[in-house]
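Trainee: Okay, sequence plus prediction incoming.
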Amino acid sequence: MKHETLRHEALAPDVLMFVGNDHQSVATAFLDGDDALLVDSLGSSEDAHALRRILCGEMGKTVRAVAATHFMSDHIAGMRLFPDALTIAHRHYRHTFLAQNRRVDAFYREPQLLFDTALSLRWGRHRLRFVHNPGKTMDHVSVDAPEADLVCVGDAIVGNIVYLSRADPELIHGAIGRIRRFGRGRVVGGHVGHFPAAVLDNAIHYLQQLRARVIRIRAGTAPVAVADLIAAIPIEDCLAPGVEASAFERRWHRHNLELIPAQSVFELDTSLEEMAAAEVAA
């Protein structure tokens, strides 16, 4: 179904997913009768107002809590629209908000409930587990919903790939690995929508193949040519077998290729592999 620019669908009778027009950011509503808990709240004022119109105005639900998988502006646009709702975030939320590239101060709302390692919350039939899972950001949270056989993962993945941003790729790899251990059948991303669990393997494959290709370029090329060669890495060379890239994934792959030379991503990995090869040769 569509409502202006906002797509929404039921993942279960008491779980609704909303996908906004801005960056295809995702919000997930867990229902307890007419009470709703939101995990993330979209990426623009327009999308957030459409979410409120649909969920509260048309469906008659009251948002009692809004939780953030991470405190970046493209995921918290709706927090201020529900002033009576409890706000939940990891204690490192402020670090993430200040470190982002696209900060929107008008979306900021102080979280009322902070946690460190984990938080468990009963919401209707759901036993929601908020688990600190640093990867793309230091405050990243995975929200495990076993009764719905799904996990909300924020920006741990971007569809079948990952976005490196300013993160350590090893942290992203570790975060995805921890999500796999939840063993859920569906994964709700921070963007695009929901996916079967195989998307986690696809994202790890992409990250590993991108790393290997960048290391190969850095190890065998004069520094002056590195950026151009990295910029030419096709997304098809990094995707898991049988996966076709969406336009959204292609866009964020291009962003990865731009930031890798700018932020010296995989440079340490290249040095370590060269040192290991030299030790073997000696």
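Mentor: Sure thing, it's come through.
Trainee: Which residues are in contact with P146?
Mentor: Shown in contact with P146 (CB atoms under 8 Å, 6 or more residues apart in numbering): 127, 129, 182, 184. The C-beta positions use only the backbone N, C-alpha and C, and glycine is treated the same way.
Trainee: end-to-end on stretch 26-38?
Mentor: Length of stretch 26-38, first residue to last, CA to CA, to the nearest Å: 10 Å.
Trainee: how about it: buried residues?
Mentor: By neighbour count on 16 or more other CB atoms under 10 Å, the buried set for stretch 26-38 is 26-31, 36-38.
Trainee: and it, how far from the chain's centre?
Mentor: Offset of stretch 26-38 from its chain centre (CA atoms, centre = their mean, to the nearest Å): 19 Å.
Trainee: and if you look at stretch 200-213?
Mentor: That offset, for stretch 200-213, works out to 16 Å (CA atoms, centre = their mean).
Trainee: in that stretch, what's buried?
Mentor: Quick answer for stretch 200-213 (16+ other CB under 10 Å): 200, 202-207, 209-211, 213.
Trainee: can you tell me which of these are in helices?
Mentor: Residues of these located in helices (DSSP state H): 200, 202-207, 209-211, 213.
Trainee: hmm, back to that, of the contacts of P146, closest to F195?
Mentor: R184 (10.9 Å; CB to CB).
Trainee: Quick check: that closest one is in a helix.
Mentor: No - under DSSP: H, G, I helix; E, B strand; the rest coil, R184 sits outside any helix and is assigned coil.
Trainee: does it really touch E147, like I thought?
Mentor: No - contact criterion CB atoms under 8 Å: R184 and E147 do not qualify, at 10.6 Å.
Trainee: So between these two, which is more surrounded?
Mentor: R184 (21 against 15; other CB atoms under 10 Å).
Trainee: gap between that one and L150?
Mentor: According to CB to CB, to the nearest Å, R184 and L150 sit 5 Å apart.
Trainee: Which neighbours do these two have in common?
Mentor: Going by CB under 8 Å, 6+ apart, no residue sits against R184 while also sitting against L150.
Trainee: By neighbour count, sort out the buried ones in the contacts of P146.
Mentor: The buried subset of the contacts of P146 - by 16+ other CB under 10 Å - is 129, 182, 184.
Trainee: if I pick the second one, what's in contact with it?
Mentor: Going back to what we said before, that points to F182. 142, 144, 146, 151.
Trainee: Show the contacting residues for the nearest residue to the first one once chain neighbours are set aside.
Mentor: Closest residue in space to S142, ignoring its immediate chain neighbours: N133 at 4.4 Å, by CB to CB, 6 or more residues apart in numbering. By CB under 8 Å, 6+ apart, the contact set of N133 is 140-142, 153, 156, 175, 178-179.
Trainee: at 6 Å instead, please
Mentor: By CB atoms under 6 Å, 6 or more residues apart in numbering, the residues touching N133 are 140, 142, 175, 178.
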